[in-house]
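here you go, sequence then predicted model.
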Amino acid sequence: MRPTSTVEPPGGTVRDNTIGRKSCSTIDSLNRGYTRSRDLLDKIKKEVNSEVTALSWASLLESRSNDYAAILTPSHDAWSTYHQEVRADLDTLRYLGISQIRPLLMSAFGKFSDKELARLIKNEVN
């Protein structure tokens, strides 16, 4: 049985046993290119073969998981400096279940200026 994660969007709780796998796959894709979900564990096992690489991978997951949580959660602190419209656009993406944009947003998060990221999010909704 796969472990489940709990995601708490505004207005309720959703149980989703794929969120961890999807976020790991997205993070891995950003660093090494596209990886199929079914191949992800084997790829990680091959790469993480020492304590140093395990700590490096854990550190990467920790830092990027916060970015991923921000993309999924319009009320996340990462958006506190952005205009309310950006939060509304993120909520629209979440409500419509549009997940294809997440790798692009993850790539832009932390690399684009606030203005550029807000424009990217706006363009994805329109």
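Great, that's in hand.

do you have the helices of the chain handy? List them.
Under the criterion DSSP state H, the chain carries helices at the ranges 19-32, 37-47, 51-72, 84-96, 102-108, 114-125.

and the longest one with helix 37-47, angle?
Direction vectors for helix 51-72 and helix 37-47, defined by axes from the mean of the first three to the mean of the last three CA atoms, to 10 degrees, enclose an angle of 150 degrees.

ok, for Arg87, nearest residue in space, not its chain neighbours?
Excluding its sequence neighbours, the residue lying closest to Arg87 (CB to CB, 6 or more residues apart in numbering) is Pro74, at 4.2 Å. (C-beta placed from N, C-alpha, C; glycine too.)

against the centre of the protein, work out the most remote residue.
Using CA atoms, centre = their mean, the residue of the chain lying farthest from its centre is Ser50. It sits 25.8 Å away.

hang on, the earlier thing: could the helices of the chain go into a markdown table alongside mean pLDDT?
Supplementary listing: those in a markdown table, determined by pLDDT from 0 to 100:
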| stretch | mean pLDDT |
| --- | --- |
| helix 19-32 | 52 |
| helix 37-47 | 77 |
| helix 51-72 | 88 |
| helix 84-96 | 94 |
| helix 102-108 | 90 |
| helix 114-125 | 94 |
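
quick check, central residue of this protein?
With CA atoms, centre = their mean applied to the chain, the nearest residue to centre is Tyr68, 2.5 Å.
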